[in-house]
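A.B. asks: Can you look at this prediction? I've put the sequence above it.
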Amino acid sequence: MKLEFLDDISNGGKFAGVVTDQLVRLYNFDKLQAGKLRQTIQREIIEKNVTLNLSKLEFIETINCSLILRLANIEIGITTCDKINYCCELTKGGYQNMVDLLEPFCIQNRSGYQWLYDIDTPIGFLFSPNGDW
């Protein structure tokens, strides 16, 4: 599984209909890695209430960024100060929804993609086995 930040997806507005212009994506994975991620989020964030650094997980290869998942009182989504280190802040319910959205990718190897939250924020969070959307 790879972790990467993409910027200016619309190519300066050249491509219309782009959902978000920036995104952090998890891609290039199979159902076993999707299952590991789902279990780790469930155990660490939802059950233990601890911060999870995805960049430190042995099955995730970082391409150009790091991502920390952290509990918050409101749904904030992904933010950054330096376009290298990112933080996703969601409520426990937001992470439970994320776990639910990951489930189909854990049952069988799939194509397609899933946005891991639906928040009006500049940076989207994409989960896509093939990296596309």
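C.D. replies: Yes, it's here.
A.B. asks: drop to CA atoms for contacts and neighbour counts, all remaining ones
C.D. replies: Fine.
A.B. asks: where along this structure do the helices fall?
C.D. replies: 31-40, 92-107 (DSSP state H).
A.B. asks: got those as CSV, with distance to Ile123 and mean pLDDT columns?
C.D. replies: Output for the helices of the chain, formatted as CSV (distance: least, C-alpha to C-alpha, whole Å; pLDDT from 0 to 100):
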stretch, distance to Ile123, mean pLDDT
helix 31-40, 20, 97
helix 92-107, 16, 97
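A.B. asks: Tell me which of the ones you listed approaches Tyr113 most closely.
C.D. replies: helix 92-107 (9.1 Å; C-alpha to C-alpha).
A.B. asks: Show me where this protein has its strands.
C.D. replies: Counting by DSSP state E, residue ranges of the strands within the chain are 2-6, 22-27, 52-53, 61-62, 66-71, 77-80, 85-90, 114-115, 123-128.
A.B. asks: mind giving me JSON lines with those and columns for distance to Ile41?
C.D. replies: As requested, these are exported to JSON lines (distance: least, C-alpha to C-alpha, whole Å):
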{"stretch": "strand 2-6", "distance to Ile41": "15"}
{"stretch": "strand 22-27", "distance to Ile41": "14"}
{"stretch": "strand 52-53", "distance to Ile41": "8"}
{"stretch": "strand 61-62", "distance to Ile41": "17"}
{"stretch": "strand 66-71", "distance to Ile41": "9"}
{"stretch": "strand 77-80", "distance to Ile41": "15"}
{"stretch": "strand 85-90", "distance to Ile41": "12"}
{"stretch": "strand 114-115", "distance to Ile41": "16"}
{"stretch": "strand 123-128", "distance to Ile41": "14"}
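A.B. asks: Using CSV, lay out the ones you listed together with distance to Met98, mean pLDDT and mean neighbour count.
C.D. replies: Converted to CSV, these look like this (distance: least, C-alpha to C-alpha, whole Å; pLDDT from 0 to 100; neighbours: other C-alpha atoms under 10 Å):
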stretch, distance to Met98, mean pLDDT, mean neighbour count
strand 2-6, 16, 96, 19
strand 22-27, 13, 95, 21
strand 52-53, 14, 98, 16
strand 61-62, 20, 98, 18
strand 66-71, 11, 98, 20
strand 77-80, 12, 97, 19
strand 85-90, 10, 98, 20
strand 114-115, 9, 96, 16
strand 123-128, 10, 96, 22
